[in-house]
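Novice: Here's my sequence, what's the structure:
(chains A and B)
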Amino acid sequence: MRRYLGRKLLIYLLTFFVAVTIDWLIPRFMPGNPVDTMLARMALRADSAEVLRSYYIRAFKLDLPLWQQYLNFWAALFRGDLGISTWLFPQPVFQIIKRAVPYDLFLLLPAIILSWIAGNRVGAIAARVRWLDNTILPLGYILTASPYMWLAIVLAWALGNVAGIFPIAGAYGFGLRPHLSWLFIKDLLWHWFLPFSSLFLVMFGGWAIGMRNMIIYELESEYSRYLESLGTPQRLIRKYAFRNAMLPQITGLALQLGGIVAGALATEIVFAYPGIGYMILNAVQNQDYFLIQGCFLFIITGVLLANFIIDLVYIVVDPRTRLGMTGE
Amino acid sequence: MSLQVENLTVYYRTLRGDVQALENATFTIADGEIMGLAGESGCGKTTLGHSLIYLKPPMRFIEGRVTLDNEELPIWDMERMNEFRFKKISIIPQYAMNAMNPTRKIGKMTAEILESRKVSYKATLPELKRRLDLVELSHDVLNMYPIELSGGMKQRMVMVLSTLLNPSLLIADEITSALDVSTQKAVAEMLVGFRDRGFVKSLMVITHDISILYQIADSIMIMYAGQLAEKASTQVIIHNPRHPYTKMLIGSLPKVGVKHSKQRLAGIPGKPPLLLNPPVGCRFRERCPVAFDKCFDVPPFIEIEPGHFVACWKEFESNA
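Specialist: Numbers count the residues shown, from 1 in each chain, chains lettered A, B, ... in the order given. Coordinates of the predicted model:
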């Protein structure tokens, strides 16, 4: 058991190291540099721009050789310092991420968990009710096959532009500042509904189809047939099938939850929703090395953590993994 | 009479029409009898075995009557059969190695199955343990998951589980096929032990391995292409078969003391007909060395000597 977890941990640490290195490397492959982009927005005279430029380059330590920048990056990382954003200069990257993450959680956590619960329930029922199967299955395929942003645009157009029921941009009205009051909370939910629905619907289709197919597979499996030939009531057979069909769904859920910190890039862009996804887009557009690094660092950590948690959960729910731990 | 089957006909529904897998089977199995059911692949022996307990689409019940201990079995009704399954008639399936839910401990699964059939697990537990001893399984298996057992252990566990409620008839479907020869013999002898101890009243052992039947069966029934060919005591089938198919089948078995490098092992020329559109009359006709005009009619399955049934016109003639 300890050896198994130790080895897993080692693999995760290695993955973390490689992923973070790539994360540091990739923004620096882009042509141009963050300081030029920053100065371009300032519209300065040419000579003062040159002065500012050399000042910023030194301030961000972009004049050092690459290997030294890389070492500095790791050193800063261990101090918990993610640097200063150039796009939202002079805010620290950590502050920006801290501000964005609640919106991601608020948007994605309910969307993922509710769609998972509803999808599994509906899929399991669809596996044995003919008319439900005939309606849910095609609908599920359409939903899961539609891209998030397409559905988001359709919803924004239909319920926002045409019907005018829901606002189509931002996390709250432009006339409001975040504070704790019913007015604000109502407005927040009002803005939340469309992005939430677009995510919920697409995910729901995927979960429902996955569950339906898994249940059918389990009901056709040999242990189900054996139970049937022993005259066991359908209730017990379905209970077993449901439990076994849940295993891959749990993996899927954990992977989704791990990606939660990545935000829902497309959805957040369509609705101008200020989560991590929206930040990434702006960071890339402004060549903001430090914000890109910071955002992806969060994603990497999230995905790895979620994977590690699944490994632990699987040990509990699937005895077959427990056996594999001693065998290797 | 423990089991009586009359005119049982079962087809498989396919897109291209009905596959006539079992045609007019009529036979009996006596109390305490171990009957072997043998024949080539696709001859309908598994269809016959399954139709008695688990007749589910694409299998289609056409006609027939099955009585077990003087009670008619509603084999065409999946729901009503539930009452009889496990308690009166039970099966050790071909896939015994995968028959148990992989994510439940065996003891817990057994408990849940028993409780679902309104049988108390607690009251059954001492008997269950006694039977585990009999098949040389440690009581610890109840605390294990199926994956922690070897193939042979799983098979024995399923044997115990299937017979736990002392059914009148047990169908053992190809249970030795996946085992190596030494285990085969042990498993076969356990089946006999189950009968001798009264765990099961009678047994139907489905196999294509006649040598196993020779060791354990009281009688053997031979099937060919969905029709019954011959049924007699084991000794008679092996040493004095009457149906030409049985003769050729037995003749194709290797014999002790014969060097097959010198003398080629005899086979049966030709291959079995497709049952989607089987030939009329006796289905063995096309491969039969003694076939004649009469064979275009289906031969009845007739008792020519006490306990010896044959379906062959030639035999009827030579007997008459």
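
Novice: how about the residues of chain A near chain B?
Specialist: Applying C-beta under 8 Å from any C-beta of the partner chain, one finds that chain A approaches chain B through A:221-223, A:225-233, A:235-236, A:240, A:243-244, A:247, A:317-320, A:323. For the C-beta atoms, the positions are set from N, CA and C on the backbone; glycine is no exception.

Novice: Whichever of those end up buried, select them in PyMOL.
Specialist: A single PyMOL command selects the buried members of the residues of chain A next to chain B (16 or more other C-beta atoms under 10 Å in any protein chain shown):
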select buried, chain A and resi 221+223+225+226+227+228+229+230+231+232+236+240+244+247+318+319
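
Novice: Which ones among the residues of chain A next to chain B map onto helices?
Specialist: The helices, defined by DSSP state H, take in A:222-223, A:225-229, A:235-236, A:240, A:243-244, A:247, A:317, A:319-320, A:323 from the residues of chain A next to chain B.

Novice: in the stretch 201-328 of chain A, what residue is nearest chain B?
Specialist: The nearest approach of the stretch 201-328 of chain A to chain B comes at A:Gly231, 3.1 Å away (C-beta to the nearest C-beta).

Novice: Strands along the stretch 51-200 of chain B, start to end?
Specialist: Applying DSSP state E, counting those that start in this stretch to the stretch 51-200 of chain B gives strands spanning B:59-68, B:71-72, B:89-92, B:169-173.

Novice: Please work out which residues outside the shortest one touch it.
Specialist: Residues outside strand B:71-72 that contact it (C-beta atoms under 8 Å, 6 or more residues apart in numbering or on different chains): B:65-66, B:88.

Novice: for stretch A:172-181, same thing?
Specialist: A:167, A:183-184, A:187-188, A:191.

Novice: Can you tell me the centre-most residue of chain B?
Specialist: Note on chain B: the residue nearest the mean C-alpha position is B:Ile206, at 2.7 Å, using C-alpha atoms, centre = their mean.

Novice: what pairs with that one across the strands?
Specialist: Listed by DSSP bridges, the beta-bridge partners for B:Ile206 are B:Leu37, B:Asp173.

Novice: Surely it and B:Lys45 touch.
Specialist: Yes. Judged on C-beta atoms under 8 Å, B:Ile206 makes contact with B:Lys45 at a distance of 5.1 Å.

Novice: shared neighbours, these two?
Specialist: Counting by C-beta under 8 Å, 6+ apart, the contacts common to B:Ile206 and B:Lys45 are B:Leu37.

Novice: And for stretch A:12-21, what's in contact with it?
Specialist: For stretch A:12-21, the external contacting residues (C-beta under 8 Å, 6+ apart) are A:70, A:77, A:297, A:300-301, A:304, A:307-308.

Novice: what's the distance between B:Glu148 and B:Pro279?
Specialist: B:Glu148 sits 50 Å away from B:Pro279, going by C-beta to C-beta, to the nearest Å.

Novice: part of a strand, is B:Ala25?
Specialist: Yes. Counting by DSSP: H, G, I helix; E, B strand; the rest coil, B:Ala25 falls inside a strand.

Novice: so which of the contacts of stretch A:12-21 comes closest to B:Leu37?
Specialist: Nearest to B:Leu37 out of the contacts of stretch A:12-21 is A:Asn307 (C-beta to C-beta; 51.9 Å).

Novice: Leaving out sequence neighbours, find the closest residue to the closest one.
Specialist: With C-beta to C-beta, 6 or more residues apart in numbering or on different chains as the criterion, A:Asn307 has its nearest non-adjacent residue at 6.4 Å, and that residue is A:Gly258.

Novice: right, and A:Tyr148 touches A:Leu201 too?
Specialist: No. Contact criterion C-beta under 8 Å: A:Tyr148 and A:Leu201 do not qualify, at 9.4 Å.
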